[in-house]
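K.L.:
only the shape, not the letters, is given here:
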Ligand SMILES: C[C@@](CO)(OP(=O)(O)O)[C@H](O)COP(=O)(O)OP(=O)(O)OC[C@H]1O[C@@H](n2ccc(N)nc2=O)[C@H](O)[C@@H]1O
Ligand SMILES: Nc1ncnc2c1ncn2[C@@H]1O[C@H](COP(=O)(O)OP(=O)(O)O)[C@@H](O)[C@H]1O
């Protein structure tokens, strides 16, 4: 196989606790990740020169900053690959929205090129490379819904019931770095005791983001008409959870006209892995 496509799925943080700040500025977290059956579309084609070409919906990001390009170069150097690749991106996920699009693009690139270039790195080795690109990359490499600790890279796989989500993307952009460096961020939630399933858990970034971005506050309030609303990651996307597609679709159909959103079901195994396993 010299060319194939993979989804780079969205993630949701079903809860997110911040337990402390490390000396290097990164934060100790406890967060529950699930994957959605919805995401960016990436097509990978093997080339016989070492050039890495990224095409498609990449206009806003300089090539050297694109996480797809960075992931490809990292793997190429690590594995001394003599091959290159043409990678085409169809961007579906909102950027900087807390659904992990950039990290997922990077992870799908590492997974795909590991196969295309026959590097034969294990998922653990790929995750070790991936964490150099972002704290969220390892969960996408691991490919299973998981409870994460550390900076988000220490993963314990969990089985979650499949649900439907309506995800709403407020127009305000929030930088992850801005939230994590803000003096008012709550950083002292104690580590979980007992089972997370038996507790009502929220997102420690939410109060600060609501204060800084009135659009997020408005979105969370509006969604409350339908179900308990939550923010994912450092925002700005907010979501509500349902048992059925019909309920999620109902919320989407009632979204104010100038708001963006989508519906998707959650899966315990990342669609990128399901697709990769089907390629021989
Ligand atoms: C907060 C989370 C939760 O899933 O999601 P997003 O809202 O970004 O999607 C992630 O941990 C984000 O992961 P990712 O976006 O890969 O983070 P990085 O690129 O490594 O770091 C972006 C910025 O966040 C800070 N950061 C990130 C993770 C962490 N545990 N502590 C931090 O303080 C870093 O210091 C950096 O300034
Ligand atoms: N391929 C990419 N897709 C999305 N964002 C990217 C990509 N490459 C680099 N970035 C940068 O990473 C930042 C965070 O992206 P993203 O993962 O979408 O946000 P979040 O971590 O909030 O979910 C973007 O604002 C963008 O500057």
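P.N.:
Done, it's in. Since this is a predicted model, take the numbers as computed values, not measurements. Residues are numbered from 1 along each chain as shown. Ligands and ions are numbered 1, 2, ... in the order given.
K.L.:
run a quick neighbour tally on the closest residue to ligand 1 within the chain.
P.N.:
For the chain, the residue closest to ligand 1 is residue 233, as judged by Cβ to the nearest ligand atom, at 2.3 Å. (C-beta placed from N, C-alpha, C; glycine too.) When neighbours are defined as other Cβ atoms under 10 Å, residue 233 has 26 of them.
K.L.:
go on, residue 62?
P.N.:
For residue 62, using other Cβ under 10 Å, the count is 8.
K.L.:
next, give phi and psi for it.
P.N.:
Note on residue 62: its backbone torsions stand at phi -60, psi 140 [degrees, to the nearest 10].
K.L.:
quick check, pLDDT for it.
P.N.:
For residue 62, the pLDDT comes out at 94.
K.L.:
would you check how far apart it and ligand 2 are?
P.N.:
9 Å (Cβ to the nearest ligand atom, to the nearest Å).
K.L.:
coming back round to it: how about the residue of the chain closest to ligand 1: what's its closest non-neighbour residue?
P.N.:
residue 98 (3.3 Å; Cβ to Cβ, 6 or more residues apart in numbering).
K.L.:
residue 132 contacts residue 75, doesn't it?
P.N.:
No: look at residue 132 against residue 75 with Cβ atoms under 8 Å: they stay out of range, at 10.9 Å.
K.L.:
any idea how far apart the tips of stretch 171-186 sit?
P.N.:
24 Å (Cα to Cα, to the nearest Å).
K.L.:
before we move on, what about stretch 55-74?
P.N.:
OK, stretch 55-74 end separation, Cα to Cα: 18 Å.
K.L.:
quick one: contacts of it?
P.N.:
For stretch 55-74, the surrounding residues in contact (Cβ atoms under 8 Å, 6 or more residues apart in numbering) are 42, 52, 54, 85-91, 95, 102-103, 105-107, 109-110, 113, 129-130, 132-134, 137.
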